[in-house]
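# Can you look at this prediction? I've put the sequence above it.
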Amino acid sequence: RAGDEGGRVDPAAHDAFFLWAGVRPTAPLARARTVYILAGEVRAAGPVRFVPLRPATPRLGKPEVWLTVRAERLDWSEPVHARILAELARWQAAGNRLAGLQVDFDARTRGLDGYARFLADLRRRLPARYRLSVTGLMDWSAQGDPATLARLAGVVDEVVIQTYQGRRTIPGYERYVASLARLPLAYRIGLVEGGAWHEPPGLAADPHFRGYVVFLLPRKGA
């Protein structure tokens, strides 16, 4: 992508960002148009509950904001659903331009059918004013069942495709990106700050491609 330096992802060249709970806002956020903020988790261990990760309500003002929930399980209870809906209302009441809810769940390609059912139920619970986003793995488009992907397209508004593990870009991402044309829904590509990236030919011309999201890393000493 033009603006990235030496084939490495430079946040200053982008305008959409993901903030983990331990990441402080940085200079690029001053020009951000879209920000995904991790609000809490539904963890695999222990009882089913929403674990908040941000004691203070974000107040960003100008950027479009997505409230992200990291999920390690999908057997959400009624109190979990109610808490997340309350968090959405609280963030919106704080003056944010709230786009909606994003679910960050590592759904394996073979488990997409069950995930699609979970998301359809979640969509029915969300007020119509909120959009629904999910993170996704690169091999969804390469290995996913077309019928299941079509069901996802009828439920979610976008998918953010993860191209990294930890702090590094996954090697061979080019061949997966080439298959994204099979996705029947809008998608963004998630890049890790400082990771390797050369935009594959033809990506920008894909009508479903909505741009990049840079996952910002914690600063030393933060």
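Thanks, I have the structure now. Quick caveat, the model's predicted, so the values are computed rather than measured.

# Give me the helices and strands touching the helix or strand hosting A82, please.
When elements are assigned from DSSP states H and E, A82 belongs to helix 78-93. Applying 3 or more C-beta pairs under 8 Å, 6 or more residues apart in numbering; DSSP states H and E, we find helix 78-93 packed against strand 34-42, strand 50-52, strand 64-71, strand 97-104, helix 112-125. (Glycine included, C-beta is placed from N, CA and C.)

# Using a markdown table, lay out those together with mean pLDDT and mean neighbour count.
Listed next are those as a markdown table, based on pLDDT from 0 to 100; neighbours: other C-beta atoms under 10 Å:
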| stretch | mean pLDDT | mean neighbour count |
| --- | --- | --- |
| strand 34-42 | 97 | 22 |
| strand 50-52 | 97 | 16 |
| strand 64-71 | 98 | 23 |
| strand 97-104 | 97 | 21 |
| helix 112-125 | 94 | 16 |
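
# Just the CA coordinates for stretch 176-185, please, in PDB.
Taking C-alpha atoms only, stretch 176-185 is exported to PDB below (Å, rounded to 0.1, in the frame of the first residue of the first chain):
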ATOM      1  CA  TYR A 176      -5.200 -16.300   0.600                       C
ATOM      2  CA  VAL A 177      -5.900 -12.700  -0.400                       C
ATOM      3  CA  ALA A 178      -6.300 -13.800  -4.000                       C
ATOM      4  CA  SER A 179      -9.200 -16.000  -2.900                       C
ATOM      5  CA  LEU A 180     -11.100 -13.200  -1.100                       C
ATOM      6  CA  ALA A 181     -13.000 -12.500  -4.300                       C
ATOM      7  CA  ARG A 182     -15.100 -15.500  -3.300                       C
ATOM      8  CA  LEU A 183     -16.400 -13.700  -0.200                       C
ATOM      9  CA  PRO A 184     -19.900 -12.600  -0.900                       C
ATOM     10  CA  LEU A 185     -19.800  -9.800   1.700                       C
END
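
# Name the residues of it that are buried.
Across stretch 176-185, burial judged by 16 or more other C-beta atoms under 10 Å covers Y176, V177, L180, L183, L185.

# With stretch 13-25 instead?
Residues of stretch 13-25 classed as buried by neighbour count (16+ other C-beta under 10 Å): H14, D15, A16, F17, F18, L19, V23.

# what does stretch 132-142 give?
By 16+ other C-beta under 10 Å, the buried positions in stretch 132-142 come out as L132, S133, V134, T135, G136, L137, M138, W140, S141.

# again with stretch 81-100
For stretch 81-100, burial by neighbour count (16+ other C-beta under 10 Å) applies to R83, I84, E87, L88, W91, Q92, N96, L98, A99, G100.

# same question, stretch 148-158
The neighbour-count check on stretch 148-158 (16+ other C-beta under 10 Å) flags T148, L149, R151, L152, A153, V155, V156, D157, E158 as buried.

# got JSON lines for these, with distance to V69 and pLDDT too?
Shown next, in JSON lines, are the buried residues of stretch 148-158 (distance: C-beta to C-beta, whole Å; pLDDT from 0 to 100):
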{"residue": "T148", "distance to V69": "22", "pLDDT": "83"}
{"residue": "L149", "distance to V69": "22", "pLDDT": "84"}
{"residue": "R151", "distance to V69": "21", "pLDDT": "86"}
{"residue": "L152", "distance to V69": "18", "pLDDT": "88"}
{"residue": "A153", "distance to V69": "21", "pLDDT": "88"}
{"residue": "V155", "distance to V69": "16", "pLDDT": "95"}
{"residue": "V156", "distance to V69": "14", "pLDDT": "96"}
{"residue": "D157", "distance to V69": "16", "pLDDT": "97"}
{"residue": "E158", "distance to V69": "16", "pLDDT": "96"}
